[in-house]
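missing the sequence, but the structure's below:
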Ligand code: PCA
């Protein structure tokens with residue numbers, strides 16, 4: 001009786017071991033860092049992307065999302081993918097403008113200020129971005145814009161001069177340069193740190209989307225949202241090419257198919273966000289302001305100056321991009 005019980009137990013144990021090994025032998029898990037919090041529509045979109053991949057591959061490829069900069073800090077994500085510490089990740093495309101100005105085209109003030117133009121700009125920018133990333137062993141999977149960027153302030157802003165000396169939250173070098181140009185005092189702050197930066201007085205104004213403003217409860221520290229629709233910057237999802245090639249053909253195809261769907265869905269989500277999140281700002285007592293012609297004229301003047309500098313630093317590739325965009 002005793003030996004029979006033992007035998008049964010051993011059979012169970014070896015069956016369990018078999019199950020564990022057969023389950024993990026071919027299944028792969030990819031860690032995917034993003035700088036943005038869970039409730040961001042971009043993060044919801046990449047979660048759906050991960051679910052689509054898992055479903056299409058019958059669980060052979062799982063993508064585990066690490067949100068709000070919890071695995072890698074925002075400025076480190078691109079190099080973590082490049083170095084193979086993670087196979088895939090999401091970041092703000094124009095953060096790479098220090099490598100090549102072409103990466104920053106979508107953050108140029110007043111170059112593309114609505115979804116139709118943003119789409120045209122991405123079509124012109126994409127082949128160059130693909131080529132530049134390919135040279136680093138990276139492959140872009142999809143890119144999705146944030147809603148048009150607006151101005152959040154404590155006081156009403158009627159002209160550019162009203163921004164003088166204001167402590168300003170920035171998220172990339174281009175916004176920092178823009179803030180400096182209009183006389184504000186910029187500081188870099190990542191999205192998860194926005195409420196803290198306002199609460200401690202480190203910053204007192206920002207330019208960002210209705211999404212990020214509403215998600216960070218802007219009404220707690222500002223009273224005016226001026227709808228300047230200045231640009232539509234993008235997030236990009238990038239994969240390490242070596243990691244991608246390790247997948248079998250079918251799994252690779254599943255990733256590409258889910259990525260194409262994510263890009264389409266993401267643009268739709270972004271458009272929907274614009275009105276929805278502006279309404280939430282309003283419901284919570286923020287004054288939604290149409291910018292004065294004088295303010296717009298001043299901001300656009302600064303934007304035009306920046307575009308000239310951008311053209312100089314973007315060289316032949318930048319010129320080709322602008323030509324393709326303006327055609
Ligand atoms: N939200 C992100 C990027 C642009 C946006 O709308 C941010 O504020 O950092």
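Cool, got the structure. Please read these numbers as outputs of a predicted model, since none were measured by experiment. Numbers count the residues shown, from 1 in each chain.

Can you point out the buried residues in stretch 149-165?
Judged by neighbour count (16 or more other CB atoms under 10 Å), stretch 149-165 contains these buried residues: 149, 150, 151, 152, 153, 157, 160, 162, 163. C-beta here means a position set from N, CA and C on the backbone, and glycine is covered the same way.

before we move on, what about stretch 199-214?
Buried-residue list, stretch 199-214, by 16+ other CB under 10 Å: 203, 204, 205, 206, 207, 208, 209, 210, 211, 212, 213, 214.

anything in that stretch near the ligand?
Yes - shown here: stretch 199-214 in contact with the ligand (CB under 6 Å from any ligand atom) through 208, 209, 211, 212.

and the one helix or strand residue 278 maps to, what does it pack onto?
Using DSSP states H and E, residue 278 sits in helix 249-283. Packing contacts for helix 249-283, counted by 3 or more CB pairs under 8 Å, 6 or more residues apart in numbering; DSSP states H and E, involve helix 41-56, strand 61-66, helix 115-134, strand 138-145, helix 210-215, strand 234-240, helix 241-245, strand 287-289.

Same list (these) but as CSV, adding mean pLDDT and distance to residue 30.
Shown next, in CSV, are the helices and strands packed on helix 249-283 (pLDDT from 0 to 100; distance: least, CB to CB, whole Å):
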stretch, mean pLDDT, distance to residue 30
helix 41-56, 98, 9
strand 61-66, 98, 5
helix 115-134, 98, 18
strand 138-145, 98, 12
helix 210-215, 98, 26
strand 234-240, 99, 9
helix 241-245, 98, 7
strand 287-289, 98, 41
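
Which residue does the stretch 1-150 of the chain have closest to the ligand?
residue 146 (3.5 Å; CB to the nearest ligand atom).

Disregarding residues adjacent in the polypeptide, which is nearest to that residue?
In space, residue 146 comes closest to residue 209 once its chain neighbours are excluded; the distance is 4.4 Å by CB to CB, 6 or more residues apart in numbering.

any chance of the helices and strands packed on helix 249-283 in JSON lines, with distance to residue 91 too?
Shown next, in JSON lines, are those (distance: least, CB to CB, whole Å):
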{"stretch": "helix 41-56", "distance to residue 91": "11"}
{"stretch": "strand 61-66", "distance to residue 91": "13"}
{"stretch": "helix 115-134", "distance to residue 91": "12"}
{"stretch": "strand 138-145", "distance to residue 91": "11"}
{"stretch": "helix 210-215", "distance to residue 91": "15"}
{"stretch": "strand 234-240", "distance to residue 91": "7"}
{"stretch": "helix 241-245", "distance to residue 91": "16"}
{"stretch": "strand 287-289", "distance to residue 91": "30"}
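
By mean pLDDT, point me to the weakest helix or strand of this protein.
helix 2-26 (a mean of 57; mean pLDDT, DSSP states H and E).

mind listing what's buried in the next helix or strand after that one?
Once the chain leaves helix 2-26, the next helix or strand it forms, by DSSP H and E, is strand 28-33. For strand 28-33, a neighbour-count test (16+ other CB under 10 Å) marks 30, 31, 32, 33 as buried.

Can you give me the pLDDT of residue 327?
As predicted, residue 327 sits at a pLDDT of 88.

which ones are touching it?
By CB atoms under 8 Å, 6 or more residues apart in numbering, no residues touch residue 327.

got it, and residue 85?
Residue 85 neighbours (CB under 8 Å, 6+ apart): residue 72.

Doesn't it lie inside a helix?
No - assigned with DSSP: H, G, I helix; E, B strand; the rest coil, residue 85 falls outside any helix and is coil.

What residues of the helix holding residue 278 count as buried?
251-252, 254-256, 258-259, 262-263, 265-267, 269-270, 273-274, 277-278, 280-281.
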